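Engineer: sequence-free structure coming up:
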């Protein structure tokens, strides 16, 4: 039985002798560290891409369980995990590189330690699972999980993942911190600063999904190059290049969320703002940029808005009946209205997906009919092109038609407008990725967003229905 005080004592001894100990000395301490965790025959390797500050890397394998790679760092190369958490970050510079190296080797877990501060990551999801600021905290929080017998028994797979609410809170606080920087240093309005962070989220989400028929690889490469320059040099020109990338997203992809905003562009061209912003963007894990987390990010402030984030869409029988009775002859003009104020934000996904599912069904009927009509006749390339061009929009581009003609999203406040617009962009990207579809440009998002009237038809029904009136008939 390995007692916790042995690892703690080993680490403290190493740090006490640090001043007069060569790098080879840390290797001996690192191997003894692993031995105390029951990894007596750890395989030392030197993967390509590891840092100069990495004194040793070891591949640990246990009875058919996912492998673990342990990277020991020289002192001073790791930030305290608690300091990262305060800034809403998942990585420091060293752990970002080492997790990428480990993932490239298809090793699922990475432990990174300087024998004082320690991190445990799932490299596939980029989630920080456990961390410790001190040897005592390591012994308390991480040691048992990393013992060989426990790893062989499945301890790593059983680790509780960071709760969505916690991940969303970190993302919200990170966004709010940079919004404050843009307001204070960039001298922009608060709503303009919010727009800047919404753009960053859309850009990160878009470059993380292979959905663009054209421009996709170029956009991803440009963003990576801008971030790399911000991290490796003084960052001169990064802001201008980011603004130029925003402009090209607006022009080439018709993404109106990137439409020119002079005050924002002027602020982002300042290296003192954009360079540290991009440096930190690189240190955010992929798990922060999922739709459930981004939606949960808006779960703050006004109680009614928090309810709209959590609200589960209800089956509206009247609306469903309206959709079910549509035919190929009527669907082009069919339109449904979703009241965000009453139905919440998840209703956007719910009803857009059902509308597209209806398009798919009617599209299949159209294809079957078209194939039947063409059966037995010779079709050359030009004829086929004419037939393809004649397809109705619900068949050729169902999501575009749904957004531009099939759905209305009524918002009651600027916050609802902002949240709905952001979620609509993200859902379109996610839906295309899920179905392995590609597109050349975004639909006109603004066509789906309409200001909520003072009184909707649903409000009138509630106010003037006989049941409502009976409640006022007292005695």
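Structural biologist: All right, it came through fine. Computed from a predicted structure; not experimentally measured.
Engineer: Where do the domain boundaries of this structure fall?
Structural biologist: The chain breaks down by automatic domain parsing into domains covering 4-152, 164-291, 302-464.
Engineer: Using JSON lines, lay out these together with mean neighbour count, distance to residue 158 and mean pLDDT.
Structural biologist: (Each C-beta comes from the backbone N, C-alpha and C, glycine too.) Converted to JSON lines, those look like this (neighbours: other Cβ atoms under 10 Å; distance: least, Cβ to Cβ, whole Å; pLDDT from 0 to 100):
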{"stretch": "domain 4-152", "mean neighbour count": "18", "distance to residue 158": "9", "mean pLDDT": "88"}
{"stretch": "domain 164-291", "mean neighbour count": "17", "distance to residue 158": "18", "mean pLDDT": "94"}
{"stretch": "domain 302-464", "mean neighbour count": "15", "distance to residue 158": "28", "mean pLDDT": "84"}
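Engineer: how close does the most centrally placed residue in the chain sit to residue 96?
Structural biologist: Nearest residue to the geometric centre of the chain (Cα atoms, centre = their mean): residue 289, 1.0 Å. Going from residue 289 to residue 96 by Cβ to Cβ, to the nearest Å gives 15 Å.
Engineer: same deal with residue 38?
Structural biologist: Taking Cβ to Cβ, one finds residue 38 at 29 Å from residue 96.
Engineer: Kindly report the same for residue 263.
Structural biologist: From residue 263 over to residue 96 (counting by Cβ to Cβ), the distance is 32 Å.
Engineer: Which residues does the helix or strand where residue 26 lies contact?
Structural biologist: Here residue 26 sits within helix 23-36, counting by DSSP states H and E. When contacts are defined by Cβ atoms under 8 Å, 6 or more residues apart in numbering, helix 23-36 is touched by residues 2, 6-7, 10-11, 13-14, 17, 40, 42, 55-56, 58, 60, 70, 72, 74, 113, 115.
Engineer: same for the one helix or strand residue 304 maps to, what does it pack against?
Structural biologist: Assigned by DSSP H and E, residue 304 belongs to helix 303-310. When contacts are defined as 3 or more Cβ pairs under 8 Å, 6 or more residues apart in numbering; DSSP states H and E, helix 303-310 sits against helix 414-434.
Engineer: contacting residues for the residue nearest to the centre of the chain?
Structural biologist: Here residue 289 is in contact with 201, 204-205, 208 (criterion: Cβ under 8 Å, 6+ apart).
Engineer: quick check, nearest of those to residue 301?
Structural biologist: residue 201 (18.3 Å; Cβ to Cβ).
Engineer: Can you report phi and psi for the closest one?
Structural biologist: phi -60, psi -50 (degrees, to the nearest 10).
Engineer: With adjacent residues omitted, what lies nearest to it?
Structural biologist: Leaving aside its sequence neighbours, residue 201 sits nearest to residue 294 (Cβ to Cβ, 6 or more residues apart in numbering; 6.3 Å).
Engineer: Look up how far residue 67 lies from the one you found.
Structural biologist: Relative to residue 67, and taking Cβ to Cβ, residue 294 is found at 32 Å.
Engineer: what does residue 221 give?
Structural biologist: 31 Å.
Engineer: Report the spatially nearest residue to residue 287, omitting neighbours in sequence.
Structural biologist: Closest to residue 287 by Cβ to Cβ, 6+ apart is residue 127, at 5.1 Å.
Engineer: Tell me what that neighbour is bridged to.
Structural biologist: residue 122 (DSSP bridges).
Engineer: where exactly do the helices run in the stretch 201-350 of the chain?
Structural biologist: Along the stretch 201-350 of the chain, counting by DSSP state H, counting those that start in this stretch, helices occupy 216-232, 238-253, 262-268, 271-281, 291-296, 303-310, 317-324, 340-343, 346-374.
Engineer: where does residue 111 fall, helix, sheet strand or coil?
Structural biologist: Judged by DSSP: H, G, I helix; E, B strand; the rest coil, the three-state class of residue 111 is strand.
Engineer: so it sits right up against residue 123, yeah?
Structural biologist: No: applying Cβ atoms under 8 Å, one finds residue 111 not in contact with residue 123, separated by 10.7 Å.
Engineer: Turn the helices of the stretch 201-350 of the chain into TSV, including distance to residue 100.
Structural biologist: Shown next, in TSV, are the helices of the stretch 201-350 of the chain (distance: least, Cβ to Cβ, whole Å):
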stretch	distance to residue 100
helix 216-232	12
helix 238-253	21
helix 262-268	26
helix 271-281	15
helix 291-296	21
helix 303-310	33
helix 317-324	46
helix 340-343	39
helix 346-374	31
